[in-house]
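J.: A predicted structure for the sequence below; I have some questions about it.
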There are 2 protein chains.
Amino acid sequence: MSVRAGIVVTGTEVLTGRVTDQNGPWVAGRLLDLGVDVAHITICGDRPADLIGQLRFLADDGVDLIVTTGGLGPTADDLTVAAVADFCRRPLHLDADLEAHIADIIDRWMKLRNADADTAPLRAGIRKQAMVPDGAAPIPPTGTAPGVAVPAAGPLPAIVVLPGPPRELRAMWPNALTAAPIAAAVAGRVQHRQEIIRAYGLSEADLAETLRTAEQTMSGFDDLEITTCLRHGELEMVTRFPDHAAATYTALAASVTDHHRKHIFSTDGSTIDDQLVAALAGRTVATAESCTGGMVAARLTDRAGSSAYLVGGVVAYANETKIGQLDVPAALIDEHGAVSEEVAAAMADGAVRRLGADIAVSTTGVAGPGGGSDAKPVGTVCFGVAVAGCPTITVRRFLPGDRANVRMLSTVAAMHLLVGVLTD
Amino acid sequence: MSVRAGIVVTGTEVLTGRVTDQNGPWVAGRLLDLGVDVAHITICGDRPADLIGQLRFLADDGVDLIVTTGGLGPTADDLTVAAVADFCRRPLHLDADLEAHIADIIDRWMKLRNADADTAPLRAGIRKQAMVPDGAAPIPPTGTAPGVAVPAAGPLPAIVVLPGPPRELRAMWPNALTAAPIAAAVAGRVQHRQEIIRAYGLSEADLAETLRTAEQTMSGFDDLEITTCLRHGELEMVTRFPDHAAATYTALAASVTDHHRKHIFSTDGSTIDDQLVAALAGRTVATAESCTGGMVAARLTDRAGSSAYLVGGVVAYANETKIGQLDVPAALIDEHGAVSEEVAAAMADGAVRRLGADIAVSTTGVAGPGGGSDAKPVGTVCFGVAVAGCPTITVRRFLPGDRANVRMLSTVAAMHLLVGVLTD
């Protein structure tokens, strides 16, 4: 990739850790898709000197393009356009067309609220948002904040300034890319392919060992840019490569798949969620959750169209709910405890029967921090998968980490169990 | 705050947007708690030149402390310690005690897996992780990766190098702070207080107006560092200030609370989740969810000890589940549609009765992207709150955004509704 970019995320709420930045990762992903290499992401607060310091750093580092996010609001503490203009030594001028366009948008909004759209603070805010650095191209707003595209000049890279609200930024992205200064800056890019292999139950160290062997034995290995990363209990291996390395990647993928056949569940980019929908093949599913408390159902309903296969679920947190809503025999709980494969099986069976689903998955475990014992320490989770007309399958797992981690890993485990049973 | 810090997050998976960084925000929050001002967070991939570039930028910017996260693994692409040593011109030496300590940890792990702990790659990895820059203090590992604390020297700030896995980093943080080089670097800090005001249903613009007025009329206003931010449907106003500005903050908080009494629900740092637990006061709660698909129950069970008040819930996604599990009359659905206040009321009533809870909340809405109509566009959500022995309350809301946003805002709305009914 011969075009390099830096991303500057602004906002005190992001810098101080109160809000998780969504823009840096998103913009990085889009630039990479485009064939632009991302060298740095920097985050600063609402102090113009810090912002200018970061722009200076990126320019000195030789990037071809800087994307900034945030700081485009109507109030005085939103300073990005002024700081960028200052950095590029381009005076600001009022863009009258842009001012009229923003005023129009504000006017419609205020009418919906039956409020006055022609107050002095509003007019001042609109005027501020319509200031554009000399020689820069405005990018029309999707909210009220327009962006600007500043052309590269001498040692300074092209800079595209976009708003902070993720929905506004994403909607404006296509127009930002076609703005002449930005199109010129990324013209020299080299598109790479990206392939993802996903594994479940494989350690990073074991995969690293396989990759080390491949590195020593495969010619052309260095053309592959490989990142491995453990995420939500799954191991992801992402490879980027230029077209001429496609055969090398194919050979590597075959070798990795061969070594870890048991654990690799996806080589085509599909997620376990995609695979579950495919594996259901028209059958319906229900959930019976104790320790995950609704997270499995919430994950299943994340997807648009999930009503086609999710009948519903029961969050059976209290024993009375397990007994009353899922017909788990009280004696079974007394004998084996609520966290047991026996109860997990009864919960899944109950969900199939009560909710009339073709298949159901259940979770019951000790998420912690309390409730652990020597026999069932925090992290012990039992799962059941019931398929109407088949023997119910149960599994007991030990999942590491704190309450949030145990619940997250339990949710992922439930997804993999469902797919495993359906594709067996 | 007279001590300034920068944070460097390393990892290609973070830079390329595939993994959300958890360390930058967490470290920033801890530094601020400590009275250290965070000027910059920078994110780089696994290329040493980019990492060194960021260290140089922060040093040139004059920070007193740099915290790095990630890149401490046993494999060759984990380069942070070597890059930091290079940057500080401190040769690396092998710390034999540290090497023995890491070998001990690995040995125990491998025994649990019945694997050989004395292979050449393992020994090489351990040796790599035990390399320490001259004059730096090692920070004992909680996983296998030790950190290092490098003292400030001449124009270079102190640097503390910590591992990437959030659990390891967090566990090592207290030891990092007490390491002599770091303790010396932050000695000059001035602790600030932080107060948070939370509002629901208040716009950022309306709060900004109130703050502008306060700025013009209150003396000492400039001592307050105020950030406002809309997050998950709630508006948060965070104020940091030195002790001498406490009276100014009290006056500001009174003025803001006075102007927006209807919307402000927290001035003491409590979240709506905290308030729900307090408002329940021993009563039990259940959920009946359609469009949120388990997210309300999952949120209620996020907290340790939630079994004391959450009985359970029903995810009634299909109409058959609403009818079969919550006794919603089929005729009611036929007459008003599944997304209606009537059905929301029946769902909440059914949850109270079926699950034997004191109070239940229900959600039924059009989360999208499909399923909308002119009368009930995407974003239309109906809620019900049933309290045993009281009339059931229903609300219909229009919530903006895509499917994920509508579901998230519905979950937050359900929490606020519950608290509202319980504290009325």
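T.: Looks like it arrived, so ask away. Residues are numbered from 1 along each chain as shown, chains lettered A, B, ... in the order given.

J.: Restricting to C-alpha, output the helix or strand hosting A:L417 in CSV.
T.: Here A:L417 is covered by helix A:403-423, with elements defined by DSSP states H and E. The C-alpha trace of helix A:403-423 is given here as CSV (Å, rounded to 0.1, in the frame of the first residue of the first chain):
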residue,chain,number,x,y,z
ARG,A,403,-18.7,-12.0,35.7
ALA,A,404,-18.9,-10.1,32.4
ASN,A,405,-16.4,-12.4,30.8
VAL,A,406,-18.0,-15.6,32.0
ARG,A,407,-21.4,-14.4,30.7
MET,A,408,-19.9,-13.3,27.4
LEU,A,409,-18.0,-16.6,26.9
SER,A,410,-21.1,-18.5,27.8
THR,A,411,-23.1,-16.7,25.2
VAL,A,412,-20.4,-17.5,22.5
ALA,A,413,-20.3,-21.1,23.7
ALA,A,414,-24.1,-21.4,23.4
MET,A,415,-23.9,-20.2,19.8
HIS,A,416,-21.1,-22.7,18.9
LEU,A,417,-23.0,-25.6,20.7
LEU,A,418,-26.1,-24.9,18.6
VAL,A,419,-24.2,-24.9,15.4
GLY,A,420,-22.3,-28.0,16.4
VAL,A,421,-25.5,-29.9,17.1
LEU,A,422,-27.2,-28.7,14.0
THR,A,423,-24.4,-29.6,11.6
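
J.: Show the pLDDT at the closest residue to A:M415 other than its chain neighbours.
T.: The shortest distance from A:M415 to any non-neighbouring residue, by Cβ to Cβ, 6 or more residues apart in numbering or on different chains, is to A:I272 (4.7 Å). All C-beta spots, glycine's among them, are computed from the backbone N, C-alpha and C. pLDDT for A:I272: 98.

J.: Do I have it right that A:I272 meets A:A414?
T.: No. In this structure, A:I272 is not within contact of A:A414 by Cβ atoms under 8 Å, at 10.0 Å.

J.: Could you check which of those two is surrounded by more residues?
T.: Between A:I272 and A:A414, A:A414 has the larger neighbour count (other Cβ atoms under 10 Å in any protein chain shown), namely 27 against 22.

J.: Could you check how far the more buried one is from chain B?
T.: Using Cβ to the nearest Cβ, to the nearest Å, one gets 12 Å for the distance from A:A414 to chain B.

J.: who in the stretch 251-400 of chain A is up against chain B?
T.: A:287, A:289, A:291-298, A:300-302, A:304-307, A:310-318, A:320-321, A:324-325, A:354-356, A:368-370 (Cβ under 8 Å from any Cβ of the partner chain).

J.: What subset of those residues is buried?
T.: A:287, A:289, A:291-298, A:300-301, A:306-307, A:310-318, A:321, A:324-325, A:354-356, A:368 (16 or more other Cβ atoms under 10 Å in any protein chain shown).

J.: In chain A, what helix or strand scores lowest on average pLDDT?
T.: Lowest by mean pLDDT, DSSP states H and E among the helices and strands of chain A is strand A:225-231, with a mean of 83.

J.: Check the offset of that strand from the chain's centre.
T.: Distance, stretch centre to chain centre, for strand A:225-231: 15 Å (Cα atoms, centre = their mean, to the nearest Å).

J.: Quick one: name whatever helix or strand follows that strand.
T.: Counting by DSSP H and E, the next helix or strand C-terminal to strand A:225-231 is strand A:234-241.

J.: could you check the angle strand A:234-241 makes with the helix or strand that that next one is followed by?
T.: Note on strand A:234-241: by DSSP H and E, the next helix or strand toward the C-terminus is helix A:246-259. Interaxial angle, helix A:246-259 versus strand A:234-241 (axes from the mean of the first three to the mean of the last three Cα atoms, to 10 degrees): 160 degrees.

J.: Point out the other helices and strands that helix A:246-259 packs with.
T.: Contact partners of helix A:246-259 among helices and strands, from 3 or more Cβ pairs under 8 Å, 6 or more residues apart in numbering or on different chains; DSSP states H and E: strand A:193-200, helix A:204-217, strand A:234-241.

J.: Could you export the ones you listed as CSV, including distance to A:C44?
T.: Shown next, in CSV, are the helices and strands packed on helix A:246-259 (distance: least, Cβ to Cβ, whole Å):
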stretch, distance to A:C44
strand A:193-200, 29
helix A:204-217, 32
strand A:234-241, 28
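
J.: ok, A:L417 - contacts?
T.: Neighbour list for A:L417: A:361, A:383, A:385, A:393, A:395 [criterion: Cβ atoms under 8 Å, 6 or more residues apart in numbering or on different chains].

J.: 7 Å - rerun?
T.: Shown in contact with A:L417 (Cβ atoms under 7 Å, 6 or more residues apart in numbering or on different chains): A:361, A:383, A:385, A:395.

J.: ok, now how distant is A:G282 from B:R403?
T.: 22 Å (Cβ to Cβ, to the nearest Å).

J.: So between these two, which is more surrounded?
T.: The neighbour comparison of A:G282 against B:R403 (other Cβ under 10 Å) goes to B:R403, with 20 against 7.

J.: Isn't the more buried one up against A:A304?
T.: Yes. Counting by Cβ atoms under 7 Å, B:R403 does reach A:A304; the two are 5.8 Å apart.

J.: Need the residues touching each of the two.
T.: With Cβ under 7 Å, 6+ apart, B:R403 and A:A304 have common neighbours B:P369.

J.: nearest to B:V378, of the contacts of A:L417?
T.: Using Cβ to Cβ, A:V361 is the member of the contacts of A:L417 that sits closest to B:V378, with 28.9 Å.

J.: Where does the closest one fall, secondary structure wise?
T.: Per DSSP H and E, A:V361 falls inside strand A:359-365.

J.: quick one: strands adjacent to the next helix or strand after that strand?
T.: Following strand A:359-365 in sequence order, the next helix or strand is strand A:380-387 (DSSP H and E). Next to strand A:380-387 in the sheet, as set by DSSP bridges, lie strand A:359-365 (antiparallel), strand A:393-398 (antiparallel).

J.: Find the one among these with the highest mean neighbour count.
T.: When the strands paired with strand A:380-387 are scored by mean count of other Cβ atoms under 10 Å in any protein chain shown, the highest mean neighbour count falls to strand A:359-365 (a mean of 30).
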